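Mind folding the following:
(2 chains)
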Amino acid sequence: TQLLEQSPQFLSIQEGENLTVYCNSSSVFSSLQWYRQEPGEGPVLLVTVVTGGEVKKLKRLTFQFGDARKDSSLHITAAQPGDTGLYLCAGAGRDDKIIFGKGTRLHILP
Amino acid sequence: DSGVTQTPKHLITATGQRVTLRCSPRSGDLSVYWYQQSLDQGLQFLIQYYNGEERAKGNILERFSAQQFPDLHSELNLSSLELGDSALYFCASSVGDRPEAFFGQGTRLTVV
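A predicted model of the protein is given here:
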């Protein structure tokens, strides 16, 4: 069974600090997506990474795809309270089934 | 606003009943996905339709079924409902067969 494991499950840090969250698998994915979900809302797509080793930046968010395309990380610089939310990674597995990790619940304290 | 519309927003029903959830994808999107989200299981992929045809199947129970109509809107039918079916149900759509998807705001189903 293909799985995406996200760590940490929960993270609570002070405004202004940096953080990194991870999305790992033993399987190769052709691409991985990162989403952010706020309470009562649907996930919102942040980025797709496709090429092994690829780095994409979205303002203070930096996404990296592992060289072997089995893992990805999200680094946030100088976290803001508006970054609070559930961060989900997802990928298309075998048979085109979309697999989501269980997410990292991030809370930024003002 | 993602452009994906789901109705109803909330639904409360009794065990054993049947409900239909509706989804209108973004204009031009051919793929529709259905997901179930519960606190303990996270976001679970149920099924994908592409231009009216079933494209991929996930952890969808036999009591659940879906279809995509010629106008590309989709319905998810849940029958013989159990307490454990209480969850948020999301619809998402994407351009062509790409995995990047835009989600609706979900339908919160409560089975009592």
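
show me where chain B has strands.
Along chain B, counting by DSSP state E, strands occupy B:5-7, B:10-13, B:19-24, B:31-38, B:42-50, B:53-57, B:64-68, B:74-78, B:87-94, B:102-103, B:107-111.

now those in TSV, with distance to chain A?
(Glycine included, C-beta is placed from N, CA and C.) Putting these into TSV (distance: least, CB to the nearest CB, whole Å) gives the following:
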stretch	distance to chain A
strand B:5-7	8
strand B:10-13	11
strand B:19-24	11
strand B:31-38	6
strand B:42-50	4
strand B:53-57	4
strand B:64-68	14
strand B:74-78	15
strand B:87-94	5
strand B:102-103	3
strand B:107-111	8
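
Please name every helix or strand in contact with the helix or strand of chain A with the lowest mean pLDDT.
Lowest mean confidence among the helices and strands of chain A (mean pLDDT, DSSP states H and E): strand A:98-100, at a mean of 88. On a contact count with 3 or more CB pairs under 8 Å, 6 or more residues apart in numbering or on different chains; DSSP states H and E, strand A:98-100 meets strand A:85-92, strand B:42-50.

which parts of that strand are buried?
By 16 or more other CB atoms under 10 Å in any protein chain shown, the buried positions in strand A:98-100 come out as A:I98, A:I99, A:F100.

who does the first one bridge with?
Applying DSSP bridges to A:I98 yields these beta-bridge partners: A:A92.

can you pull the contacts of it?
Taking CB atoms under 8 Å, 6 or more residues apart in numbering or on different chains, we find A:I98 in contact with A:A90, A:G91, A:A92, B:Y33, B:F45, B:Q48, B:A56, B:G58, B:P99, B:A101.

Can you add neighbour count, pLDDT and distance to B:Q67 and give those residues back as TSV?
TSV is the format used below for those (neighbours: other CB atoms under 10 Å in any protein chain shown; pLDDT from 0 to 100; distance: CB to CB, whole Å):
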residue	neighbour count	pLDDT	distance to B:Q67
A:A90	25	94	24
A:G91	26	90	26
A:A92	22	81	22
B:Y33	28	95	14
B:F45	23	91	17
B:Q48	28	93	12
B:A56	20	89	15
B:G58	19	89	16
B:P99	22	79	21
B:A101	28	91	19
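
can you give me the strands in chain A?
All strands of chain A, identified by DSSP E, fall at A:5-7, A:10-14, A:19-24, A:32-37, A:44-49, A:55-58, A:61-65, A:71-76, A:85-92, A:98-100, A:104-109.

what lines up beside the fourth one in the sheet?
Taking DSSP bridges as the criterion, strand A:32-37 forms sheet pairs with strand A:44-49 (antiparallel), strand A:85-92 (antiparallel).

Give me the contact list for the longest one.
What that stands for is strand A:85-92. Against strand A:85-92 from outside (CB under 8 Å, 6+ apart): A:4, A:6, A:21, A:23, A:25, A:29-38, A:43, A:72, A:74, A:98-101, A:103-106, B:43, B:99.
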